[in-house]
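K.L.:
Would you be able to build a 3D model of this:
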Amino acid sequence: MRILVYGAGVLGCNLARNLFRAGKNVTLLARGTWAEQLRANGLRIKDKFSPRVSVSRISVVTELSPDDLYDVIFVVMRCTQLDAIMDTLRENRTKNIVFVGNNVQARALAAALPEKNVLFAFALSAGHREADRVVSIDLKKITIGQLPGAGSNKQLIEKIFNGTKYKVVYEPNMEDYLLCHAAFVLPAAFACYKTDGNLKKLKGNTAYLNRMIDANIEGYRALRNAGHTILPKADENFESTAYRRTCLRFFKLMCATSLGKLCASDHAMNAVDEMSVLNRDMKAFLDANGADYPVWRALEREAGRYLR
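P.N.:
Residues are numbered from 1 along each chain as shown. Predicted coordinates for the structure are as follows:
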């Protein structure tokens, strides 16, 4: 298969490397000095828990022409950057397009590409990009699928990831998965902005961490009441004591270790535009469905100057 990874941030670089290591025919689309760096020195990735830096000599391009043909294009860009490339995707001959990352407008995005087979995915990978390398945590797990009612893409997904080290979760309802992910990740983003990106300031502040969980539950409750499925399935009992205990344990770990920077604040502080749009769209959903979300609103106010 010919695979294009359109976008060379942390997620795109990890995805490209993992596919390349499995022997896939991978091309990475990058721009500017980063593209020059990749061509000159290869894709260099430092995994957080490994002393070594991996180097992958992946083919790099700087544009996608209408006649370029791939079996699949993974678009790994912030949702705020997608409008600028929609015409390019529309005019290109490739049929299978996978949007990777945060997005609560999945249905509108698919409708904008009626001639394409549009999928959505979320990869458990995070970190930051330095001048000559990526530093990341990559759990090599990806949730991927299509919108409800669309034809199954299970065979295509199996073909793409066959032979890789990914744990692949096929999800035929990516619309609800992405809505639920936004309801979980935005309270964490509020915490990043409250602390100017230093989550260690919240170490020991159990009261605030519980408010983060309260805001998440407000979002989940509104989604459930509007008829959406809570995903992943492990979160469906989100009002239980066990769910709160699990979340609290995770948030405490984030605030006490470097995981908070790699898993949350690196992205939140570099993608304020994306988080602002996600928050705006989620609030529009909550308001349209008559939801009550006072804790969410309070955390948003405490986030201060960042959210627009």
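K.L.:
Run a quick neighbour tally on the residue lying closest to Pro294 once chain neighbours are set aside.
P.N.:
Spatial nearest neighbour of Pro294, chain neighbours left out: Glu218 (7.8 Å); criterion: CB to CB, 6 or more residues apart in numbering. C-beta here means a position set from N, CA and C on the backbone, and glycine is covered the same way. Taking other CB atoms under 10 Å as the neighbour definition, Glu218 ends up with a count of 20.
K.L.:
now do the one 10 residues further on
P.N.:
A count of neighbours around His228, defined by other CB under 10 Å, yields 19.
K.L.:
can you check Thr229 too?
P.N.:
15.
K.L.:
for stretch 215-224, what is the average pLDDT?
P.N.:
Averaging pLDDT along stretch 215-224 gives 98.
K.L.:
ok, then the element right after the helix-or-strand element of the chain with minimal mean pLDDT?
P.N.:
Lowest mean confidence among the helices and strands of the chain (mean pLDDT, DSSP states H and E): helix 259-260, at a mean of 88. Once helix 259-260 ends, the next helix or strand along the chain (criterion: DSSP states H and E) is helix 266-270.
K.L.:
Which other helices and strands does that following helix contact?
P.N.:
For helix 266-270, the elements it packs on are strand 117-129, helix 174-194, judged by 3 or more CB pairs under 8 Å, 6 or more residues apart in numbering; DSSP states H and E.
K.L.:
ranking those by burial, who's on top?
P.N.:
Compared across the helices and strands packed on helix 266-270, helix 174-194 shows the largest average neighbour count, a mean of 24 (mean count of other CB atoms under 10 Å).
K.L.:
ok, then the element right after that helix?
P.N.:
Toward the C-terminus from helix 174-194 - assigned by DSSP H and E - lies helix 206-225.
K.L.:
angle of that following helix against helix 174-194?
P.N.:
Between helix 206-225 and helix 174-194, the angle formed by their directions is 160 degrees, by axes from the mean of the first three to the mean of the last three CA atoms, to 10 degrees.
K.L.:
when you give positions from now on, start the count at 15
P.N.:
Fine by me, first position is 15 from now on; the one you just mentioned is helix 220-239.
K.L.:
Which residues does helix 220-239 contact?
P.N.:
190, 193-194, 196-198, 200-202, 204-205, 208, 216, 244, 249, 252-253, 258, 261-262, 265-266, 269, 296, 299-300, 303, 305-310, 312-313 (CB atoms under 8 Å, 6 or more residues apart in numbering).
K.L.:
Can you give me the separation between Asn293 and Val74?
P.N.:
Using CB to CB, to the nearest Å, Asn293 is found at 34 Å from Val74.
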